[in-house]
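Novice: Requesting a structural model of the entry that follows:
(chains A and B, ligands or ions: 4)
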Amino acid sequence: MVSLPGLHLTATALEPANPAETTQTRSQDLLPCSEYRFEVPFTRSLTIRLLSGTAEFFGTELAPSSTYAFTGTKGAVYTWRGCRLEIGGLAESEYTSEETQMSSYANAHFALEGLRDRSMQTGEPGPRVLVVGPENAGKTSVVRILTAYAVKSGRQPVVVNLDPRQGMLSVPGSFTAAAFSSIVDVEDGWGSSPISGPSPIPVKMPLVYHYGLASAEDGATFKPLVTRMALAVTSRLEEDVPSRQAGFIIDTPGSVSQGKGGDYDHIDHIISEFSVSVLFVLGSERLYSDLSRKYSSRSHDEAVAVIRLDKSGGCVDRDEAYMKQLRQAQIRAYFFGHGDHTLAPHSHMADYDELNIFRVFDPASDPNAAFRPGNDDDDIFGTSTTIYEKVKPSTMIQNSLLAITMASANEPQEVIRDTSIQGYIYVADVDDVKKKVRLLSPQPGQTPSNALILGSFPEDLPGLVS
Amino acid sequence: MSQSAEVAADFKDALQDLKQNSRPEISNLTLIAKENTEYAQAISRELENHIRTTRPEWKLPALYVLDSIVKNVGTPYTVYLGRDLYRTFMNAYTLMDPGTRKAMEGLLKTWKQPVPESMDTRPVFSPEVTQDIENALIKFRTIANQGMPQKPPMQHNIPGRPMPNVPWRSTPTPPQNAGRYAAANDPRIRQPVPQAAPYGQYPPSSTPPVQSQPHAPFYPPQPKPIDVEGLKTSLSAVITSTQKEWAHTPGDQALPNKLNALFGLQQILNTQTLPPDQLQQVAKQIQNMSPPAPPAPPAPPAPFPPSTTVLPVSAPFPPSSVPPPFPNSSTPVDLAQLFAHARPPVPPVPTPTPPSIPPSLAEMLQRFSSGASSSAPPVSVSPFYSPPFSAAPPPVSVPAPPTPVAAPPINPAADLARILGQFSKPAAAPPAMPPQPAPLVHLPFQGSSTPAPAIDTQWLSNLLKTVPSVATQPTPISSQPMSRQVSANANNPNYVELTTASIKQPRPHLISKLYDAYPNICATCGRRFESTQEGRERKARHMDWHFKVKDPDVAKRGIHRSWYISEKEWIEYREVDEASPEQVAKAASGIATAPKKVAKDKYIHVPTDTALVNAPCPICQEKFEPQWHVEANDFVWMDAVKINSKIYHATCWEEYSRGSSLAAPSTPDSVLGKRKAEDNPGSGKKVRAY
Ligand SMILES: Nc1ncnc2c1ncn2[C@@H]1O[C@H](COP(=O)(O)OP(=O)(O)OP(=O)(O)O)[C@@H](O)[C@H]1O
Ligand SMILES: [Mg+2]
Ligand SMILES: [Zn+2]
Ligand SMILES: [Zn+2]
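Specialist: Residues are numbered from 1 along each chain as shown, chains lettered A, B, ... in the order given. Ligands and ions are numbered 1, 2, ... in the order given. Down below sits the predicted model:
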């Protein structure tokens, strides 16, 4: 085992942001209750500074004297009371709009606040919120707004991301949960997980599981991981009083809302495992009527309030090319940091037989998938042999991301599946002759002997390091 | 039952048994409080309740418990108990015999000083807290000397809390006390307050608020200028107490309206310079709202027949004459128009307010806009009450005449609008301003130095546009399946029912809860803080934290991503707020939290002293490496302890002291042993540390 710190550690640079444009700024006035919507590609940077008034970005207030830089972002700066912004750089598209859903979203927050107050008085748990809806309906945006408002109101909600397509405080392909007690980052999605140095925005402490597939429909592991996550979150909330009062908010992938044949199996599973008490349905009328029929009539103790929220006119469909760039940016940020806050990962060599890699069965690409037992029964989530396949390192794993579980390689596969992960390493190079791999790790140290999970998602990322 | 409720219940039980000045019992109660500081709020509330409700002869021992807790445990109890100390103390004081009062005065004296033998040089309670009580006592004694009964009846009659910075004598209005903080079932409150309006209902435009003419009586200019900072402080105090009150009686429909008006006022004070006469008015209003007086009107002093006291004389709007609060107008009023009318030149000072209940801000504004002389009832005030301060709220000899029906109905939005309108252009606006052209309304902007873009009334109409008129959209709520909890809450404009229909109804007035409730913004990151003392302290700690993390050498240190914590660690992990006092406590003394740590998990903050920074461990001679510690939010030296001003490796010291049979810093297997390092995979707790 050779450790070669400092070797080849430069992240391949993206196209440089357009410095020439950023020097020119313009000001933009916003009327109360309106927003400035913009899209910035990954190749550019747009800066926004609040000159006067108040403004917020998905619920998090802009500081009056800070310049925020956005890259690869589609979003909106909203103002309740009017403001003047200073904007630098060129957006791919930009416009202002007075037609927003912020009033409803704020009401949703205040309604939840009522439940949180009640929780403080009675000791019963706070609101347990699930947000569902079709793709790009603005689910994640609503979750962010509700989180930011809760934090602003002095709460400490737990946010759970069950959408593998977009990571929260981690890379895509993961499921995470984190309590938010400090402000949500404006520039960097949900902010950062802990790093070894100070962070200008307090870091968040996530619990991370690796799912490794693109869609909830695909895997035999979606439901068991939901179950596991629910267990962890519920346990935390038992003792963590501020979080119990604030409750949690779950973000989901659009795929669980497709409801093949009127069947919302995954939603059902999430609702029962997390004892969801409030269900926000975004955008789809049909989904709302299906779900409210199903859940509003439940008996009192397991009643779910099903609320329809309208989709914001600002929501943009994100094509696959953008999503792929977003995934790459998230992976890059995991190792190298975001914006000015660069991180220094380490690179080291490992022998083939040091790595215990478990590859996730992807039914979408696995011809044997059809022969695997079904996983309809919640109690038996498949059998050991069907979850992972142990693979030897080969050039096949080049450029892929390995999740380091907290389980040892000898554990039964269910145990490996159910453990949270410690982090990710990236396979930068594979030498099939010497039987060695070069790994990029967030920090120095040995290659863990733990079980490593190799999923089919996110896809390989060639050239993360050059 | 929640843990907090459980602890509080235990504490309460122990309190019930306290019937004399028993040292062991008091120490025991102090110990409970000390061991449960995380439930300090609940415990403090229990203690306050007990002092308030227990028999007079048992109050003093309970006050000794309070005294013992604040002196032996200190924060956070000083904070929680300090907030309402005025009320707690004065409530009890007024009921005591002279001997006990002496004892209480003795207590108060010690609260103005630091805890004996303590390092902390600050007084037990902040001077603001004790000074108010002190002032009240002086007044109380003065009045007592004038022939007040030494032992007032069992009613709660606390002298109004004086405004620290507002000269008493300068106020034409005698201070008021009863009513503002009345219990929820106080008929005086219930009746006069108009039904809370769904936001957005305005009086028909045909009856705009009446312009008030400048009129007599004219009060000469105040001798002493109003201290605006003091005013702001008092205003936040009023806001805080109103919020608190509201938290206790969420059903009270008057409070949200009042809060809204207060927030509007706060914004104005924060962003504009008001002419002195307006400041005077504001000061008076705040002052009137300040005394956290308990409900019942006290027995009247001699000159008044007892019967008058029970009359709801002070009701600003006798129920019989209250106009339907929301005229069923199907056309929503143009707010711009309303604004235009609502901004008359401000009359110098309105007529003296009827004494017994302080007029609400809404009322005051109403009087401004509707012609104060017509609505101010002639009230005979006994000369006895002309001293600005009296122990007993002055009753009124005649019932107040019904408020003229012409008075525009009170409605939170309109109030706010009126306040804003009134103050937004001080000294401008000729008397009868025509409705159009719609004047520009300069909304106060928070946290910005650059002038805000001129926002015209369009923003309000913008808001209004989205406000569905209830007249045209009859009660959509009732048709919803989730309407079980409509009951009391439905009328509370701050309560948002969890239904699709309710969530679609815009409630712009709630937004102040996200902004004005925390007026103090951090310019670096946008986090907001309350404008209370506590809020300021939190912000100060927050700014310290910003300063700390702005380490120019950071880049050189080679920062990297930390491993994620394990499931078990995550479940046991508790978020750390860089602004919370515990954070500082933790930082100040590694010792405080040390007992539950094994030696190598001990850390100290990297010292600032250059000699110390460069000194190696005296035992092994190795230097210390700074590491970022997430929980501490700071650079620390892990495995380090400071002993007699030298820093050692905790492990080195432990070994050394064991060998030399010195008392090692105790490392018991820990009460909270859940987090022992061996439980963690990998490198134990350090997983998180770097
Ligand atoms: N008001 C808005 N103005 C501008 N852009 C917006 C607005 N609301 C959402 N967006 C953008 O639209 C896109 C889709 O929104 P969002 O990610 O919240 O939807 P989603 O339902 O979570 O999507 P998915 O199903 O892919 O998870 C995002 O890029 C988001 O930033
Ligand atoms: Mg999403
Ligand atoms: Zn800050
Ligand atoms: Zn040493």
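Novice: Phi, psi for residue B:564 please.
Specialist: Backbone geometry at residue B:564, expressed as degrees, to the nearest 10, gives phi -70, psi 150.
Novice: Do a quick rundown of the helices in the stretch 51-200 of chain A.
Specialist: A:102-122, A:139-152 (DSSP state H, counting those that start in this stretch).
Novice: pLDDT below threshold where in the stretch 451-600 of chain B?
Specialist: Filtered on pLDDT under 70, the stretch 451-600 of chain B yields the residue ranges B:451-491, B:551-557, B:582-600.
Novice: How is the chain partitioned into domains?
Specialist: Chain wasn't specified; assuming chain A. A:19-99, A:102-309, A:345-454 (automatic domain parsing).
Novice: You answered for a different chain; I wanted chain B.
Specialist: When chain B is parsed with the TED database, its domains come out as B:3-144, B:507-556, B:604-657.
Novice: Give me the longest strand you can find in chain A.
Specialist: With secondary structure taken from DSSP state E, chain A has its longest strand at strand A:421-431.
Novice: among the domains of chain A, which gets the worst mean confidence?
Specialist: Mean pLDDT values for these show the minimum at domain A:345-454, a mean of 83.
Novice: can you tell if that domain touches chain B?
Specialist: Yes: Domain A:345-454 lies within reach of chain B by C-beta under 8 Å from any C-beta of the partner chain, at A:345-346, A:404, A:406, A:419-423, A:442-444, A:448, A:450. The way it works is simple: take the backbone N, C-alpha and C, and place the C-beta from them, glycine included.
Novice: In strands only, show me these.
Specialist: A:346, A:404, A:406, A:421-423, A:450.
Novice: neighbour-wise, which of the residues you listed leads?
Specialist: When neighbours are counted as other C-beta atoms under 10 Å in any protein chain shown, the busiest of those turns out to be residue A:421, with 27 neighbours.
Novice: the helices in the stretch 201-350 of chain A, which residues?
Specialist: So, for the stretch 201-350 of chain A - with DSSP H, counting those that start in this stretch - the helices run A:222-239, A:241-246, A:265-274, A:285-295, A:320-336.
Novice: could I get the last one in PDB with only the CA atoms?
Specialist: Meaning helix A:320-336. Output of helix A:320-336 as PDB, limited to C-alpha atoms (Å, rounded to 0.1, in the frame of the first residue of the first chain):
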ATOM      1  CA  GLU A 320     -30.500  15.200 -19.000                       C
ATOM      2  CA  ALA A 321     -27.400  17.200 -20.000                       C
ATOM      3  CA  TYR A 322     -28.000  19.700 -17.200                       C
ATOM      4  CA  MET A 323     -28.700  17.000 -14.700                       C
ATOM      5  CA  LYS A 324     -25.500  15.200 -15.700                       C
ATOM      6  CA  GLN A 325     -23.500  18.400 -15.200                       C
ATOM      7  CA  LEU A 326     -25.200  18.900 -11.900                       C
ATOM      8  CA  ARG A 327     -24.200  15.400 -10.800                       C
ATOM      9  CA  GLN A 328     -20.600  16.000 -11.800                       C
ATOM     10  CA  ALA A 329     -20.500  19.300 -10.000                       C
ATOM     11  CA  GLN A 330     -21.800  17.600  -6.800                       C
ATOM     12  CA  ILE A 331     -19.100  14.900  -7.000                       C
ATOM     13  CA  ARG A 332     -16.500  17.400  -7.700                       C
ATOM     14  CA  ALA A 333     -17.600  19.500  -4.800                       C
ATOM     15  CA  TYR A 334     -17.400  16.500  -2.500                       C
ATOM     16  CA  PHE A 335     -13.700  16.100  -3.200                       C
ATOM     17  CA  PHE A 336     -12.600  19.600  -4.100                       C
END
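Novice: name the helices or strands packed onto that helix?
Specialist: Where contact means 3 or more C-beta pairs under 8 Å, 6 or more residues apart in numbering or on different chains; DSSP states H and E, helix A:320-336 is packed against strand A:421-431.
Novice: Then the longest one?
Specialist: If you count contacts as 3+ C-beta pairs under 8 Å, 6+ apart, helix A:222-239 packs onto strand A:158-161, strand A:174-179, strand A:206-210, helix A:241-246, helix A:265-274, helix A:413-418, helix B:567-572.
Novice: do the same with the shortest one
Specialist: In terms of contact count using 3+ C-beta pairs under 8 Å, 6+ apart, helix A:241-246 is assigned the packing partners helix A:102-122, helix A:222-239.
Novice: If you count neighbours, what's buried in the last one?
Specialist: Right, helix A:222-239. A:222-230, A:232-234, A:236-237 (16 or more other C-beta atoms under 10 Å in any protein chain shown).
Novice: Max pairwise distance over the residues you listed: which two?
Specialist: Greatest spatial distance among the buried residues of helix A:222-239 (C-beta to C-beta): A:222 and A:237, at 22.2 Å.
Novice: contacting residues for the closest residue to chain A within chain B?
Specialist: Closest contact between chain B and chain A, by C-beta to the nearest C-beta, is at residue B:2 (2.8 Å). Contacts for residue B:2 (C-beta atoms under 8 Å, 6 or more residues apart in numbering or on different chains) come out as A:122-123, A:241.
Novice: go on, residue A:430?
Specialist: A:393-395, A:397-398, A:436-438.
Novice: anything in stretch A:108-118 near chain B?
Specialist: Yes: contact of stretch A:108-118 with chain B (C-beta under 8 Å from any C-beta) involves A:108, A:110-115, A:117.
Novice: which outside residues touch that stretch?
Specialist: A:124, A:126-127, A:129, A:142, A:145-146, A:149-150, A:153, A:155, A:245-247, A:277-278, A:280, A:307, A:309, B:247, B:250, B:489, B:494-498, B:502-503, B:507, B:510, B:513.
Novice: Distance of residue A:448 relative to ligand 4?
Specialist: 29 Å (C-beta to the ion, to the nearest Å).
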